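Engineer: I would like the atomic coordinates for the input below:
(chains A and B)
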Amino acid sequence: DQQVKQNSPSLSVQEGRISILNCDYTNSMFDYFLWYKKYPAEGPTFLISISSIKDKNEDGRFTVFLNKSAKHLSLHIVPSQPGDSAVYFCAASARTNAGKSTFGDGTTLTVKP
Amino acid sequence: ETGVTQSPTHLIKTRGQQVTLRCSSQSGHNTVSWYQQALGQGPQFIFQYYREEENGRGNFPPRFSGLQFPNYSSELNVNALELDDSALYLCASSLRITEVTDTQYFGPGTRLTVL
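Structural biologist: Coordinates of the predicted model:
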């Protein structure tokens, strides 16, 4: 039973437009959520996080939204750039230990020039 | 500031053999987590080490074991290798202060192939 799901394996958007990546979770014990970006031959790189006490967190072009009642979060990238092309992983953990995270299977984002 | 490093980069073993993977944590970090990433999947938590003790384990059999050293570097050992152990093994370090472990930072991984 997968506790963190990213239902879209891939997403393609035009440069300058918005990219929206989605993630669903099932475990109510999760109270800390993270997004990682991964390029080929590199480890995942931390992008942005959100605690369950918030419903939105923004960092530059990246915004994460959390809907606790729906157990759903999304990552918005505005505007999208070709350098954003990568695999994006959603992860969930307890706030007290982000080092024990449960990951989704990732969404491959392609931003076309 | 030194990032997380892992060695070796690639490794090929045969079924039944044993393997040791190594990880140096980021400067200032005291906690190391290990993950297995199979092709097309997300990383799966294997275990975490804090102050040289195992601090939580995922759904992996006992033939997966680890060590953390006083300088916070770590090893992952896998005995009796099986074909399904072929994966990218990721090490991540983080800083634990009192009871809270903050965001983790990943190394580039070790690609293990079992033939």
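
Engineer: can you give me the strands in chain A?
Structural biologist: A:4-5, A:10-14, A:19-25, A:32-38, A:45-51, A:56-59, A:62-67, A:72-77, A:86-94, A:97-103, A:107-112 (DSSP state E).

Engineer: State the mean pLDDT of the shortest one.
Structural biologist: Right, the one you point to is strand A:4-5. Across strand A:4-5, the average pLDDT comes to 97.

Engineer: next one: the second one
Structural biologist: Over the span of strand A:10-14, the pLDDT mean works out to 98.

Engineer: what does it contact?
Structural biologist: A:Ser19, A:Ile20, A:Leu21, A:Ser80, A:Thr107, A:Thr108, A:Leu109, A:Thr110, A:Val111, A:Lys112 (C-beta atoms under 8 Å, 6 or more residues apart in numbering or on different chains). Heads up, the C-betas are built off the backbone N, CA and C, glycines and all.

Engineer: From those, list just the buried residues.
Structural biologist: Among these, the ones that count as buried by 16 or more other C-beta atoms under 10 Å in any protein chain shown are A:Ser19, A:Ile20, A:Leu21, A:Ser80, A:Thr107, A:Leu109, A:Val111.

Engineer: Next one: the third one from B:Phe106, what distance?
Structural biologist: Counting by C-beta to C-beta, to the nearest Å, the gap from A:Leu21 to B:Phe106 is 19 Å.

Engineer: For the closest residue to A:Phe65 other than its chain neighbours, give the beta-bridge partners.
Structural biologist: Once flanking residues are discounted, A:Phe65 sits nearest to A:Ser74: 5.0 Å by C-beta to C-beta, 6 or more residues apart in numbering or on different chains. Following DSSP bridges, A:Ser74 is listed with bridge partners A:Asn22, A:Phe65.

Engineer: so what's A:Ser74 up against?
Structural biologist: Counting by C-beta under 8 Å, 6+ apart, A:Ser74 has contacts A:Ile20, A:Leu21, A:Asn22, A:Cys23, A:Val64, A:Phe65.
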